[in-house]
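>>> How does the following fold in three dimensions:
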Amino acid sequence: MVDFIGTRRVQELVRDLGTAAFIAGMAREIEADYRRWSAFEKSPRHAIHSDVGVIELMPASDGRQYAFKYVNGHPKNTAKGLLTVMAFGMLADVETGYPLALAEMTLTTALRTAATSVVAARALARSDCRVMALIGNGSQSEFQAIAFHDQMGIRELRLYDVDPRATDKLVANLSRTRLPGLRVVRCRSAAEACAGADIVTTITADKRNATILTPDMIAPGMHLNAVGGDCPGKTELHADILRRADARVVVEFEPQSRIEGEIQQLPADFPVTELAVVLSEGRGGRTGERDVTIFDSVGFALEDFAALRYVHQQHRERRGTHATIDLIPDLADPKDLYAMIAPPRIARETVAELAEAVSA
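You can find the predicted model right below:
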């Protein structure tokens, strides 16, 4: 039997531990895995694109365990009452190839994206950051707000979305979430949200080469957490922001980011640094208070690997619903798969007669 970690179980685990603490725990796992970067077999995700969205498969392995995530991205889904992003994943044992857990990853992906954002921000942003602009107030915005308040000391959030109802939703959710000392400011434009911000998080959903941030919005010393540009033809930053002399551009896995990230707008030899290098070697990140650091985040399979392992660990260790799913046949004889569907056993004499007839 395989552990089944559905949406209700993840809800149970997060509520038991607390959202901020859950994200913090996941961030520790993600950072630890980035620090052992060379242990992983890595590849860009496999994507099937259509005019309305994308379906992707994201695998990673450290030689002991293997994980994959199936995830979609369909910006127009909300008009049909469906999620823009939906995902599920599997964690497996490399030695046997047997799955350990089948898990929901829609909620888990939002948690791991926020966790990855703060891992990068801790390494790249100034230590005195207190104000964050949050541009794009959709389904992942609360997770980003909670994570940066808890782990980066953000005390003012400046919100903007082209859909005022998304901001209404975010404000309502934050008002009933205990975030001590947090001031929330609604803004009328992206430029207004960026004014005075130390960190700017962009997390929009449109599948197009959008220009959410323009060069005039960027001040020296800012950290840009660019989350929403995550597939070919989908960007959020004006290319001149990346070209700034004081810009330090950090990506997750360069071969994938060249295809899907903000840097898809620039030549293939444009210099970037992978997050693992910043975390493990201290190279390629912030060199001074006035640097503009840019985390060109597209989401990488290593993060899902760490997230799945963390969720599975919490599932095993905590009380509550421990469901399983009979995904793998349980055989008395591993060479006799047909036994699962064979007719009822017959008498030995009949078997002997059949064998004799066959040999004749």
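>>> so G73 bridges to which residues?
G73 has these beta-bridge partners by DSSP bridges: V54.
>>> so who does it touch?
53-54, 56, 84-85, 205, 207, 230-231 (CB atoms under 8 Å, 6 or more residues apart in numbering). Where C-beta positions appear, they are placed from N, C-alpha and C, glycine not excepted.
>>> tell me the least confident of these?
Scanning the contacts of G73 for pLDDT, the low point is K207. It has 65.
>>> dump the residue contacts of V292.
Here V292 is in contact with 218, 220-224, 241, 244, 246-248 (CB under 8 Å, 6+ apart).
>>> What ranges does the chain have for its helices?
Using DSSP state H, the helices found in the chain span residues 7-17, 19-34, 106-124, 141-152, 164-175, 190-194, 239-242, 254-260, 275-281, 301-317, 348-359.
>>> Among these, show the one with the smallest mean pLDDT.
When those are compared by mean pLDDT, helix 348-359 comes last with a mean of 66.
>>> before we move on, back to that, may I ask which of the contacts of V292 has the most neighbours?
Among those, L224 has the most neighbours (other CB atoms under 10 Å), with 30 neighbours.
>>> what's the pLDDT at the residue lying closest to that residue once chain neighbours are set aside?
Of all residues not flanking L224 in the chain, I294 sits nearest, at 4.5 Å (CB to CB, 6 or more residues apart in numbering). We have a pLDDT of 98 for I294.
>>> I294 bridge partners, please.
Partner residues in beta bridges with I294, using DSSP bridges, are L224, V249.
>>> Just give me the neighbour total for it.
Counted with other CB under 10 Å, I294 comes out at 29.
>>> can you tell me which residues contact it?
223-224, 226, 237, 241-242, 247-250, 262.
>>> Tell me the spacing between it and R130.
According to CB to CB, to the nearest Å, I294 stands 20 Å off from R130.
>>> on that earlier part again, closest to R15 among the contacts of G73?
V85 (21.5 Å; CB to CB).
>>> List the contacts of that closest one.
71-74, 106, 109, 139.
>>> Which one of these sits in the busiest neighbourhood?
The contacts of V85, ranked by neighbours (other CB under 10 Å): first place T109, 25 neighbours.
>>> Which positions within stretch 79-98 qualify as buried?
84-92 (16 or more other CB atoms under 10 Å).
>>> from these, which ones fall inside strands?
87-92 (DSSP state E).
>>> Can you say which two of the residues you listed are spatially most distant?
A87 and A92 (16.6 Å).
>>> re the thing from before, can I get the contacts of I294 in a markdown table with distance to V277?
As requested, the contacts of I294 are exported to a markdown table (distance: CB to CB, whole Å):
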| residue | distance to V277 |
| --- | --- |
| H223 | 17 |
| L224 | 19 |
| A226 | 18 |
| L237 | 21 |
| I241 | 21 |
| L242 | 18 |
| A247 | 16 |
| R248 | 12 |
| V249 | 12 |
| V250 | 8 |
| E262 | 18 |
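>>> So which of those is the closest to L102?
Distances from L102 to the contacts of I294, taken by CB to CB, are shortest for A226, at 31.6 Å.
>>> The closest one: what's it in contact with?
202, 236-237, 261-262, 294-297.
>>> Next, find the distance separating it from F88.
Distance, A226 to F88, by CB to CB: 26 Å.
>>> Send me stretch 232-244 as CSV with only the CA atoms.
The C-alpha coordinates for stretch 232-244 follow below in CSV (Å, rounded to 0.1, in the frame of the first residue of the first chain):
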residue,chain,number,x,y,z
PRO,A,232,8.0,30.4,-22.8
GLY,A,233,6.3,33.6,-23.9
LYS,A,234,5.4,34.6,-20.3
THR,A,235,7.4,37.3,-18.5
GLU,A,236,6.9,40.2,-16.1
LEU,A,237,10.0,42.3,-16.1
HIS,A,238,11.1,44.8,-18.7
ALA,A,239,14.4,43.4,-20.2
ASP,A,240,16.3,46.6,-19.3
ILE,A,241,15.8,45.8,-15.6
LEU,A,242,17.9,42.7,-16.1
ARG,A,243,20.5,44.6,-18.1
ARG,A,244,21.2,47.1,-15.3
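>>> Name the residues that touch it?
Under CB under 8 Å, 6+ apart, the answer for stretch 232-244 is 49, 202, 204, 206-215, 218, 224, 226, 228-229, 247, 249, 259-266, 270, 292, 294, 296.
>>> 6 Å instead?
202, 204, 207, 209-215, 218, 226, 228-229, 249, 259, 262, 265, 292 (CB atoms under 6 Å, 6 or more residues apart in numbering).
>>> show me what contacts D16?
Contacts of D16 (CB under 6 Å, 6+ apart): R318.
>>> again, 8 Å this time
Contacts for D16 (CB under 8 Å, 6+ apart) come out as 318, 320.
>>> what's the distance between it and S139?
Per CB to CB, D16 is found 22 Å from S139.
>>> same question, I30
In terms of CB to CB, I30 sits 20 Å off from S139.
>>> same question, V2
With CB to CB as the criterion, V2 and S139 are 28 Å apart.
>>> So the chain: which segments form each domain?
Split into domains by automatic domain parsing, the chain comes to 2-107+303-325, 126-299.
>>> just how off-centre is the longest one within its chain?
I take that to be domain 126-299. 15 Å (CA atoms, centre = their mean, to the nearest Å).
>>> Cool, thanks, signing off.
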